[in-house]
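In: Could you work out the structure for the sequence below:
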Amino acid sequence: MMVEYFLRLALLLPLLALLIWGSLRLTRFLQTRMVGTGVSGKRLELVETSLVAPGLKLAVVRFHDREILLGCSRSGLVRLGEAQAEVDTPPLPHSSEQI
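Out: I've put the predicted structure just below:
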């Protein structure tokens, strides 16, 4: 009777751990998909978001060549900082020819 209990426990504990790990990975994947990184309009672009705590989020928004750091909570938005937007330039092609 006790051996049967330990066998069930040895089988179900790793299964439970695997289910917890899988649900955490799925949650992380779905959160990154729902954020919509790279969603852009004509003038406004969401650059990056970061979850600080439940209900608290940091977001970087590009607007008129400025990057604005926003603090987002359930009560509203707060502008935390502002900087010039970094221009993403494509890498130069590598050539073997010397000029």
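In: Which residues are in contact with the nearest residue to Glu48 once chain neighbours are set aside?
Out: Excluding its sequence neighbours, the residue lying closest to Glu48 (Cβ to Cβ, 6 or more residues apart in numbering) is Val60, at 4.6 Å. (C-beta placed from N, C-alpha, C; glycine too.) Listed by Cβ atoms under 8 Å, 6 or more residues apart in numbering, the contact set of Val60 reads Leu46, Val47, Glu48, Thr49, Glu67, Ile68, Leu69, Leu70.
In: Confirm that Val60 sits in a strand.
Out: Yes - using DSSP: H, G, I helix; E, B strand; the rest coil, the assignment for Val60 is a strand.
In: Run a quick neighbour tally on Ala10.
Out: By other Cβ atoms under 10 Å, 9 other residues sit near Ala10.
In: what's the helix or strand for the spatially most central residue of the chain?
Out: By Cα atoms, centre = their mean, the chain has its centre lying nearest to Thr32, at 4.6 Å. Thr32 belongs to helix 2-35 when assigned by DSSP states H and E.
In: Could you point out the helix or strand that follows that helix?
Out: strand 44-53.
In: if we can go back for a sec, any idea which of the contacts of Val60 is the one closest to Met2?
Out: The closest of those to Met2 turns out to be Thr49 (Cβ to Cβ; 51.1 Å).
In: from memory the closest one sits against Leu58, does it?
Out: Yes - taking Cβ atoms under 8 Å as the definition, Thr49 is a contact partner of Leu58 at 6.8 Å.
In: Between these two, which is the more surrounded one?
Out: For Thr49 versus Leu58, neighbours defined as other Cβ under 10 Å are more numerous around Thr49 (18 against 14).
In: Any idea what that one is bridged to?
Out: Taking DSSP bridges as the rule, Thr49 bridges to Ala59.
In: what's the domain layout of the chain?
Out: What automatic domain parsing lists as the domains of the chain is 1-35, 37-86.
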